[in-house]
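S.K.: Pasted the sequence and its predicted model underneath.
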Amino acid sequence: MIFATVGTQGQFDRLIRTIDEWAGAHGRTDVFAQTGPSDYHSKHIRAERFIDPTEFRKRVEAASLVISHAGMGSIITALELGKRIIVMPRRASLGEHRNDHQLATAKRFAEQGCIMVAFTEHELVDKLDQHQISDEPERLSALASPRLISTIRTFIETGRIRFENRDISS
Amino acid sequence: MFRSTVFHRKGLRNNSTLQSRSVRTKLLAVSSGGGHWVQLLRIKRAFENCEVTFVTVHESYRAQVPGHKFYLVNDANRWTKIALLKAAGRLAWIVWNEKPDIVVSTGAAPGYLALRFGRMMGARTIWLDSIANVERLSMSGDRIGRCADLWLTQWPHLARPNGPHYTGSVL
């Protein structure tokens, strides 16, 4: 099962159309897409505009591969559930977002090696063709880094900001 | 006389400690949807000794925080002035109603507004800038950061001596 998602903010038909055509060309019938407010009629994949977060997690859990826009909700959920994810950033010049921050996010995360990034439709097709079902990556723990949690907790309890050996009174 | 004064002061201090322990810190946790909400959930362990109220933009998120008070606010951004005003009205009411000790947000616009109202009401404020902002801080993050008591970025290269500070990320 492949799960594609574009989040809730706006249509990202460039992603959905590419996956739809790829699925048609390869006879894949196991692709489900959450398309957002889109008027694109998919021919080969099942699609729904919005799904709630519980179903979203179920869909990710059931998938062997997640394809999404470079939104943190999708990326973090895929990593939490130990799924391979290919992201394609939205581009402001194509009216897909207000700015190009998804490009920067995608680049930085790709450098860290935890996600795959396709910057164009062509790259996405290449990555889909290359994708082999292999071992799933390790799951991310369900929580933020302990140091971040402890900084916030210390501040809540004492009003102090503590960084390693340095103390800053607020 | 001296002794009794010392005793008296000590007694007072003990009383106030007891009182602050019996009344849990009220914390208002605010975010918009998608990644902002997912990041807020990943730091909620830090709030476990508090009485936490969540404020976000989708009713469907309620099921992810069972046992907590939950408010809805409309989403908005700086391009949608009417929605922004509506969200501001709603958040002002929520903050007035809840009178939180702490307001925390992972963004975006609703969190910015909540922190401003929280600060006006004397709450301490925490802003965790989204991990999606890897090149520069978000617009709301850059503006609010200067009046957040604890101002955090999730990227070491964006940290500056007077804030935002970096002490790890949600990942």
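M.R.: On my side now, so go ahead.
S.K.: what's across from the residue nearest the centre of chain B in the sheet?
M.R.: Nearest to the geometric centre of chain B sits B:Val104, at 1.0 Å (C-alpha atoms, centre = their mean). Beta bridges link B:Val104 to B:Ala29, B:Ile126, judged by DSSP bridges.
S.K.: Touching, it and B:Ile126? I think so.
M.R.: Yes. With contacts counted by C-beta atoms under 8 Å, B:Val104 reaches B:Ile126, the gap being 4.1 Å. C-betas here are computed from N, CA, C, even on glycine.
S.K.: Pull up the overlap in contacts between these two.
M.R.: A:Ile152 (C-beta atoms under 8 Å, 6 or more residues apart in numbering or on different chains).
S.K.: confidence score at the residue nearest to the centre of chain B?
M.R.: With respect to pLDDT, B:Val104 has a value of 98.
S.K.: State the phi and psi torsions of A:Arg160.
M.R.: phi -100, psi 150 (degrees, to the nearest 10).
S.K.: Check it and give its pLDDT.
M.R.: Looking at A:Arg160, the pLDDT reads 88.
S.K.: Report the separation between it and chain B.
M.R.: The gap separating A:Arg160 from chain B is 10 Å, by C-beta to the nearest C-beta, to the nearest Å.
S.K.: What of A:Arg108?
M.R.: 4 Å.
S.K.: other SSEs contacting whichever strand or helix holds that residue?
M.R.: When secondary structure is defined by DSSP states H and E, A:Arg108 falls within helix A:101-111. On a contact count with 3 or more C-beta pairs under 8 Å, 6 or more residues apart in numbering or on different chains; DSSP states H and E, helix A:101-111 meets strand A:116-117.
S.K.: What lies in contact with the strand it packs on?
M.R.: A:70, A:84-89, A:106-107, A:109-110, A:123, A:127.
S.K.: That strand: partners in the sheet, and parallel or antiparallel?
M.R.: Short version: by DSSP bridges, strand A:116-117 pairs with strand A:84-87 (parallel).
S.K.: CA atoms only: put the partner strand into CSV for me.
M.R.: Below are the C-alpha coordinates for strand A:84-87, written out as CSV (Å, rounded to 0.1, in the frame of the first residue of the first chain):
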residue,chain,number,x,y,z
ARG,A,84,9.9,5.4,4.2
ILE,A,85,8.8,8.8,2.9
ILE,A,86,9.3,10.6,-0.4
VAL,A,87,8.5,14.3,-0.2
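S.K.: Quick one: buried ones out of the contacts of strand A:116-117?
M.R.: The neighbour-count criterion (16 or more other C-beta atoms under 10 Å in any protein chain shown) marks A:Ala70, A:Arg84, A:Ile85, A:Ile86, A:Val87, A:Met88, A:Pro89, A:Ala106, A:Phe109, A:Ala110, A:Lys127 among the contacts of strand A:116-117 as buried.
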